[in-house]
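**Student:** Return a 3D structure for these sequence lines:
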Amino acid sequence: MDPRFRLDDTIDMNTPSIARMYDYVLGGGANFETDRQAADAIPEGMPGSREWARANRFFVGRAVTALSELGFDQFLDLGSGAPTVGSPHEIALRHNPAARVAYVEREPVAVEYANKMLADQPQVSMTWADLRDIDSVLAAPGVAGLLDFDRPVAVLAMAVLDLLEDIDPAELTAAYRDACSAGSALGISHAVGLTLTLEQQEQVLSVMRRTNTPGAGFGTIDDVAALLDGYTLLEPGIVPVGAWRPLDPVDEADARRANYVGAVGVKA
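**Tutor:** Okay, the predicted model is just below:
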């Protein structure tokens, strides 16, 4: 990337950003009025809502905890958004003070916000890049200079693969899988219309078409399974995010209401 290029030059405050919308519904400060309006247009219980955001954030935390307990100390978080309370680096460092976490995000406001927050944490980086450009991601100083890909790396692709355009997400996860050593891992969450009618799904997608990720869509369980090809899934497999190793008993119907599934797998 041209070093003369400034993040400020890319900031569009008129088009809602899914990263900033997610930050807003989680109570963060890296968002604009247009993001708040778009997020407020999504009814509760649908991807993009506060209920969904909380369920997904808690799942991410449990996934990072599970991976840390398995001994993972390197994390590559793709499409991370701006770090908020309970972010992967906080959890990973709590389990292992030597852990390293590389965030990758293309939304410039989230990147600027993160770089200010993480300025005094040398074991955590934020890289401004598009996760679809895997060569640029892996060569970036904040990734290549922080993570050792000759050792297992846990790649996180949480609530992002269902937003991608102009690429097959299964091919993308396969490329990241092949770039990582044996014993590496992949954690994902993905929109699946578990309880939503087609009309309700269209409500969500009509909002997303106004954002900087107009290609957002819902997948199927089979689609999610394809993203994890080459990985052995940790129990309980692909399930609603609220039902993945919950800390307290969870009602299945309530878990399905988030209309998001999650899974974690380890590469042989």
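**Student:** Assumed residue 15 was part of a strand.
**Tutor:** No - with DSSP: H, G, I helix; E, B strand; the rest coil as the criterion, residue 15 is located in coil rather than a strand.
**Student:** Based on its surroundings, how many neighbours for the residue nearest to it when sequence neighbours are not counted?
**Tutor:** Take residue 15 and drop its neighbours on the chain: the residue closest to it by C-beta to C-beta, 6 or more residues apart in numbering is residue 212, 5.5 Å away. (Each C-beta comes from the backbone N, C-alpha and C, glycine too.) Using other C-beta atoms under 10 Å as the criterion, residue 212 is surrounded by 16 other residues.
**Student:** wouldn't residue 212 be in contact with residue 20 here?
**Tutor:** No - applying C-beta atoms under 8 Å, one finds residue 212 not in contact with residue 20, separated by 9.1 Å.
**Student:** Quick one: residues contacting the residue nearest to residue 15.
**Tutor:** By C-beta atoms under 8 Å, 6 or more residues apart in numbering, the residues touching residue 212 are 12, 15-18, 107.
**Student:** doesn't residue 163 make contact with residue 213?
**Tutor:** Yes - the pair residue 213 and residue 163 passes the contact test of C-beta under 8 Å, sitting 4.2 Å apart.
**Student:** list residues touching both of these two?
**Tutor:** What both residue 213 and residue 163 touch, as defined by C-beta under 8 Å, 6+ apart, is the set residue 18.
**Student:** So, low pLDDT: which residues of the stretch 101-250 of the chain?
**Tutor:** The stretch 101-250 of the chain contains no residues with pLDDT under 70.
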